[in-house]
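Student: generate coordinates for the sequence data below:
(2 chains)
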Amino acid sequence: MILSGLTIRDFAGVQTVELTGLHPGLNVIVGDNEAGKSTLLMALRAALFQKHRAGGEAARNLSPYNRQVRPEIALDFSIGDTAYALRKAFIQRPDAQLEWSGGKLSGDAVEEKLAELFRFSHPGRGESKLDANQGAFGLLWVEQGRSVGGIDLGAGKDAVTASLEGEIGQILGGERGRLLLTAAKVRQDQFFTETGRPKTGSALKIIEEELAALAGELQRREAEQRDYEDKLDRLRNLRHTLSGYQADAALQRAEDEDDAARRSAADIEALLRDRDGAARDLAHAEARRQHAGERLRDRELSQASRAEAEDKAAKAADKLATCRDDFAAADTRYETARQAADVARQTLDNAERRLASVERREEAEELVRRRSLAGERLTAVEAIEAKLAELRGQPAVVDDSVVAAIEAAERESQEAAIRRSAAAALVRFEPASGQAVGTRTGQVGSDIPVKVESETIFDLQGFGRIVVTPGGQAGDLARIAEDAERRLATLLARHGLASVDHARRERRAAEERRLAERALQAELKALAPQGSASLREEAAVLDRRLAEANAADDRSLAGTLPTRAEARQALADARDAAKAAEATLAVSRAERDARSASLVRAEADAEHAAAHLKRLAADIANAEAALPLETLRNELAAAELDRSAKAAVSEQKRAAFEAADPEAIRLELKRASGALEVLRRTLADLERQSVSLEAEIRTLGLNGLGEDIARLEGEIDVARRRRDKLALEADASRLLYGTLIEAQRDARDSWLGPIKTQVGPYLRLIHPGSEVELDEETLEIKSLHRRGVQERFERLSAGAREQVAVVTRLALAQVLKKGGHPAAVILDDALVNTDEKRLSQMHLVLQKAAEDLQIIVLTCRERDFHRLGAPIFRL
Amino acid sequence: MIRILHTADWQIGKPFGGYDLDRRGELRAARFGAVERIAALAKQRGCDAVLVAGDAFDDNTVSDRELRRTLDAMRGFAGPWVLLPGNHDAALSVSVWTRLRSMIEAANVVIADAPEPITLCDGRLAILPAPLTRRHEGADLTAWFDTAETPRGAVRVGLAHGSVANRLPEAAESGNPIADDRAERARLAYLALGDWHGFIEIAPRTYYSGTPEPDRYPANQPGHVALVEIDAPGAPPRVERVEVARFRWAEVSVHLLGDAGELDAALAAFDRPGETLVQLRLEGRLPLRERVSLEKRLADWSARFFDLRVDDGGLVDEPDGDDLDAIDVAGFVRVAIERLRAKAADPADPEREAAALALRIAYVEHARLGVAGERR
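Tutor: This next block holds a predicted model:
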């Protein structure tokens, strides 16, 4: 598409603008602010995309504020080789005309033709605004200030995308494709989670769980069946074994063998009894022989013992005589020592008594002195105590509290009297003629005030009675005063006091007595700190000890007593002498005791030897009388003969027993009875097992085990088929969705690719080594890759953003153009944030793009573009 | 003349676990219904005995309730009933038979769990049973028939469960071998066999009656009993195949090429869809629009049949230009669809199946969005 001329009249505040001879490549239109640059772009949009009959807000935007005009636009353009002349008028007498070399249209047909030429659709009633329905031109014509925000497709995105899809030839499937994709996703989601894992609760998962449960159940039932069949086998084997035993008559055979073994064992038992009997007889004969031998030996030993006893008795008598002599000599020595010891003890006793007497007399003298002192202190104490007793004999009539109470009562009485007196009425009589006035208590003088404190009757001569009753509280006050007086009197009477002064005097006297008493007590305390009783006790103790000392005085000691030192020396000497005597006595006593013991032993030995000899002699005599020695010798010879005979018989019986091979017979019996027992046990055990197994098998057999297994196998088969079907369905759903997504991505890549290819050379001019990334869904510029670093578009500087947005638009326009779409780019002050260096680079970009495209730059800064080498049009 | 009814493989208690609870219940109940019809038929035809050649019960652990219901279902014929343990209900040490024996009140039910002759009809009929005492036997248990002594003049009838060596068209399940000349060698008038679920004369005078009520899809003529008449010892048997089944189990294979409509023709051939279970195998190639149409048709048929199982492993989605244009003519959707189409068409791509389904989903979703769009 090439714009060649544009004229607007009465359009959105601009009266007239006329542009002709626009170049097919780069054009710069310069205008100051408010000169109508933006209006120019607006008019262009209105001419192509807004119906001439449009009303409402769309129409209001076209006319100057509050003015009824007929905005008109004349647009000359060419698409391919065809030149078109478009004329539109809005609001008043709206009109549209389109002429080209092959035809002419007017009215609504013009709008349809324009939609066809520029591949857009007019908005339906109530649909979005104009800019949402301009197809790709929404993208290519950029108003002032929009370029910095990226591509900014906004509400027109769908239209642009659809337009791109249509133009590029990489069809994205449209609405149906999107619906199919959604349906495939729904199907896939029935089986899988977002992360592609099998979904819990999905039909496939459920059937797999069912299958697992069935397989588990089948396993259990098969195990039970194996157990059942194993039991059947065991039962069959048991029965087979049992019948084998029966066929062999094994039990009968074992019983017969056991019987035979038992009989042989009984025979052996009889031989054993004979052998043992003969052995016992031999033992008896041996015992008898030994007995006879022992009796003869005893007799011969007794006779030998008697001779020995006689010798021992003679030796004991000799020893006794020697011991008696030794004892007599020792006894004499002991007696002499004993007497010497008695004398020494007496001397010691006397010395001790003398020393004790000396010490007691000294103690008695000390006691006499201490008793005298105690007596003096006691006399003084008793005098003080007498004075105290006297003081205490005068009792106190009152104490402080009583006096205080009395004084309080007195004050109360006085106060009451004062208040009564104050409240009394004063009555003064002034008789005119000297009439007399009297009361019960007497006459009342004239002109003399009478204080009336209570109801009083006055007799007035010649007049009669006047009763005066004082008002106010006089009556009460009188009673209070009387009560106070009465309480004071009662208190005084209770303590036997005549008056209040009396009470005070009594209190003073009592105080003086207390002071005197306190002085005496201090004195007493000094004399007898422990009290007088303690002092008396001390005197009594001294008296008693003195009496004891006097009583103990040893009168037996005549003469003058020695000194204490002399007495002590005498005592020490006496002690040494006594000690020596005692030692001598102890030695002689020990010697005498030893001799005495030897004598006793010798006497006992002599006595015992004599008795033993006597007894032996008597025993031998008795034995000989009962059974002479010769008889004993004959008995022994007979016993030895009997023993020899019994030994021969025993040997014979033993030989017979051994010859019968008892060990073999015992072992055979053991074997036969053991075998029988084992066999019986085995058979019983087999029988029991068989019965038990049969019962178990019957029980298991009732449960329909085989049926269950076959049923489970069938159910598993069905479930498995269903599982396989669902698994295939799941795989198919995933495959379908995956393939659709992949195809969609490929399609997008295939149409985003050319854009990137177009953008590349431009970017190299302004940002060498960088690459732009577009969002495949929204077409928005996502980021710029510069020197391996990814920078998000919104983080770029305003200048960089507008540069990237402009080159991206140029690339999109070229892609569209290559697809046969009418494309012309209009930039309205789109590079205001770009620095000079980059601006000159952008000039190169625009130059390059203008080789294929018509580019119209609207600007208010002519000097930015005067070096561009493009025709400049001024508004 | 001796007239016997030969049946086998009742499989009472078979759980049909692969079906939902309602269908399961009906299929299980149908097996008792079959026994009732057998009893009524035996009575109606004046049979001398009913021989059940094994697998009367699906398992040795079927519940007591099933056993009692079976006995109740048998009441219509006074007997004798001769029941042979098969591989499903082998006469183990403790088995369904030990329990059944304790429930039998009358002597008209004979449990043939010992390899010894059973003489019936006052000595005119001698049954030689070969009971299985475990699930799988390596030896031919009918060998003893050859030397078995039976009353003079009695018709000798063998009763066994297993597979006749080298005769069955495909391997029978239990593997218990039976010699194909047993009838000959043991001088049997008839050898009544069980294990194979279809009706078949497998060797001279040797028959499998099959199960009276089908329980699986193979088309080997299940759902019958054999009514056998033998005039005298040595006389050839007259065998009549009588249908007693209620449900029909069918395998259907449909080849679709471009048009889903052929499905209707194949399925409309069934006269009692409410009592028919169909295993449908779909093969061929369909464009997406036809595939979507097929799904709708299948949903309709599914509601009409007692059960309809579809194996569409052999059916390939083949989106054509119209399909793709219907989804989208341009744009990334078209790119995605083309990519999925390439994936679905590449046999080496592990996501081939998922891609095919994804295409179908895209188609359906697109159609739905289109309809929704039109409504808007």
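Student: B:L51 is in contact with B:L120, correct?
Tutor: No - using C-beta atoms under 8 Å, B:L120 makes no contact with B:L51, being 10.0 Å away. Yep, even glycine has a C-beta here, placed from its N, CA and C like the rest.
Student: overlap in contacts, those two.
Tutor: Counting by C-beta atoms under 8 Å, 6 or more residues apart in numbering or on different chains, the common neighbours of B:L120 and B:L51 are B:82, B:127.
Student: settle it for me: which of the two has more neighbours?
Tutor: Ranked by neighbour count (other C-beta atoms under 10 Å in any protein chain shown), B:L120 and B:L51 place B:L51 first, with 31 against 22.
Student: quick check: which element contains the more buried one?
Tutor: Secondary structure assignment for B:L51, by DSSP states H and E: strand B:49-52.
Student: ok now the helix or strand hosting A:R745, how far from the chain's centre?
Tutor: Using DSSP H and E, A:R745 sits within helix A:705-766. Averaging C-alpha positions (C-alpha atoms, centre = their mean, to the nearest Å) puts helix A:705-766 52 Å from its chain's average.
Student: could you list every helix and strand in contact with it?
Tutor: helix A:157-168, helix A:174-191, helix A:203-248, strand A:770-774, helix A:798-818, helix A:836-849, helix B:331-345, helix B:352-375 (3 or more C-beta pairs under 8 Å, 6 or more residues apart in numbering or on different chains; DSSP states H and E).
Student: one step back: strand partners (parallel or antiparallel) of the strand holding B:L51?
Tutor: strand B:2-7 (parallel), strand B:81-83 (parallel) (DSSP bridges).
Student: quick check: which of the ones you listed is nearest to B:D300?
Tutor: strand B:2-7 (37.2 Å; C-beta to C-beta).
Student: hmm, who's touching that closest one?
Tutor: B:38, B:41-42, B:45-53, B:121, B:124-125, B:155, B:157, B:189-190, B:192, B:207, B:209, B:212, B:225-230.
Student: out of the residues you listed, which end up buried?
Tutor: With burial judged by 16 or more other C-beta atoms under 10 Å in any protein chain shown, the buried subset of the contacts of strand B:2-7 is B:38, B:41-42, B:47-53, B:124-125, B:155, B:157, B:189-190, B:192, B:207, B:209, B:212, B:225-230.
Student: quick check: which element contains residue 285?
Tutor: Reading this off chain A. helix A:250-392.
Student: look at chain B instead
Tutor: Using DSSP H and E, B:R285 falls within strand B:276-286.
Student: state the next helix or strand along the chain beyond that strand.
Tutor: Next along the chain from strand B:276-286, counting by DSSP H and E, comes helix B:288-304.
Student: hmm, that following helix in reach of chain A?
Tutor: No - using C-beta under 8 Å from any C-beta of the partner chain, helix B:288-304 stays clear of chain A, coming no nearer than 12.6 Å.
Student: give me the buried positions along that helix.
Tutor: Across helix B:288-304, burial judged by 16+ other C-beta under 10 Å covers B:288-294, B:297-298, B:301.
Student: that helix vs helix B:352-375, what angle?
Tutor: Counting by axes from the mean of the first three to the mean of the last three C-alpha atoms, to 10 degrees, helix B:288-304 lies at 90 degrees to helix B:352-375.
Student: since we're on whichever residue of the stretch 1-150 of chain B sits closest to chain A, how many residues are nearby?
Tutor: Per C-beta to the nearest C-beta, B:G17 is where the stretch 1-150 of chain B lies closest to chain A, at 2.3 Å. Per other C-beta under 10 Å, the neighbour tally for B:G17 reads 20.
Student: how about it, what does it touch?
Tutor: By C-beta under 8 Å, 6+ apart, B:G17 lies in contact with A:710-718, B:24.
Student: which secondary structure element is home to it?
Tutor: Taking DSSP H and E as the definition, B:G17 sits outside all helices and strands.
Student: counting neighbours, what do you get for the nearest residue to it once chain neighbours are set aside?
Tutor: Take B:G17 and drop its neighbours on the chain: the residue closest to it by C-beta to C-beta, 6 or more residues apart in numbering or on different chains is A:G714, 2.3 Å away. When neighbours are counted by other C-beta under 10 Å, A:G714 registers 17.
Student: for A:D95, see how far away the closest residue to chain B within the stretch 701-850 of chain A is.
Tutor: Residue nearest to chain B within the stretch 701-850 of chain A (C-beta to the nearest C-beta): A:G714, separated by 2.3 Å. Distance, A:G714 to A:D95, using C-beta to C-beta, to the nearest Å: 83 Å.
Student: likewise for B:S209?
Tutor: From B:S209 to A:D95 the distance is 101 Å (C-beta to C-beta).
Student: pLDDT of the helix holding A:R745, averaged?
Tutor: Averaging pLDDT along helix A:705-766 yields 85.
Student: for stretch A:513-524, same thing?
Tutor: pLDDT averaged over stretch A:513-524 gives 85.
Student: now swap in stretch A:801-810 and tell me
Tutor: Across stretch A:801-810, the average pLDDT comes to 84.
Student: same check, this time on stretch A:348-356
Tutor: 84.
Student: ditto for stretch B:364-375
Tutor: 65.
Student: next: stretch B:295-306.
Tutor: The pLDDT scores in stretch B:295-306 average 94.
Student: and for stretch B:106-115?
Tutor: Mean predicted lDDT for stretch B:106-115 stands at 90.
Student: picking that back up, the helix holding A:A285 packs against which elements?
Tutor: Packing partners of helix A:250-392 (3+ C-beta pairs under 8 Å, 6+ apart): helix A:500-527, helix A:532-552, helix A:564-626, helix A:629-659, helix A:662-701.
Student: figure out how far stretch B:18-30 is from the centre of its chain.
Tutor: Computed by C-alpha atoms, centre = their mean, the chain-centroid distance of stretch B:18-30 equals 14 Å.
Student: dump the strands paired with strand B:49-52 to a markdown table, plus distance to A:D256, mean pLDDT and mean neighbour count.
Tutor: A markdown table is the format used below for those (distance: least, C-beta to C-beta, whole Å; pLDDT from 0 to 100; neighbours: other C-beta atoms under 10 Å in any protein chain shown):
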| stretch | distance to A:D256 | mean pLDDT | mean neighbour count |
| --- | --- | --- | --- |
| strand B:2-7 | 53 | 96 | 25 |
| strand B:81-83 | 45 | 97 | 26 |
